[in-house]
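>>> Here's a sequence, model it:
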Amino acid sequence: MKNGHIYLSQIKLDVLKFIKHFIQHNDFAPTYKEIGHKFRFSRARAGAIIAELYKLNLIDKNKQAHRNIELTGKQLHKISMLKVNKSYSTMEFRR
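Okay, the predicted model is just below:
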């Protein structure tokens, strides 16, 4: 993966925290549609945010088509250290 930067906005952090909370309470991930519904934006915008979180290695994706978001223990730990309005290198959180 090429080194780049992604700006962590409040909405991206909110989506990440929502995913964490959803998985912890339901034992499965939310769909892009459920994320969009929660934040009142389209499934496509949810997908774009998920793609950026994936590039930062803050989430994983499995091969399922419907509920494909996963969080590892390491990723759960990272969430508490993130700061809003900061640019993160895509290399910073590499596995």
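>>> Residue 26 versus the residue nearest to residue 53 when sequence neighbours are not counted, what's the distance?
Of all residues not flanking residue 53 in the chain, residue 59 sits nearest, at 4.8 Å (C-beta to C-beta, 6 or more residues apart in numbering). Every residue, glycine included, has its C-beta placed from N, CA and C. For residue 59, the distance to residue 26 equals 16 Å [C-beta to C-beta, to the nearest Å].
>>> Those two: who's more crowded?
More neighbours surround residue 59 than the other of residue 59 and residue 26, with 24 against 10 (other C-beta atoms under 10 Å).
>>> didn't residue 14 look like it was pressed against residue 40?
No. Counting by C-beta atoms under 8 Å, residue 40 is not a contact partner of residue 14; they are 11.8 Å apart.
>>> more neighbours, those two?
Neighbours were counted for residue 14 and for residue 40 using other C-beta under 10 Å; residue 14 has more, 14 against 7.
>>> Can you give the distance from the strand or helix carrying that one to the centre of its chain?
Element membership of residue 14, judged by DSSP states H and E, is helix 10-26. Here helix 10-26 is found 8 Å from its chain centre; the criterion is C-alpha atoms, centre = their mean, to the nearest Å.
>>> after it, next one along is what?
Proceeding N to C from helix 10-26, the next assigned helix or strand is helix 32-39, under DSSP H and E.
>>> Show me what counts as buried in that next one.
By neighbour count with 16 or more other C-beta atoms under 10 Å, helix 32-39 contains the buried residues 32, 34, 35, 36.
>>> got the contact list for the second one?
Right, residue 34. Going by C-beta atoms under 8 Å, 6 or more residues apart in numbering, residue 34 touches residue 22.
>>> Check residue 36 too.
42, 43, 45, 46.
>>> which one is it nearest to, not counting chain neighbours?
Residue 36 sits nearest to residue 46 (C-beta to C-beta, 6+ apart), 4.3 Å away.
>>> ok, back up a step: tell me who's in contact with the residue nearest to residue 53.
By C-beta under 8 Å, 6+ apart, the residues touching residue 59 are 16, 19, 50, 53, 69, 70, 71, 75.
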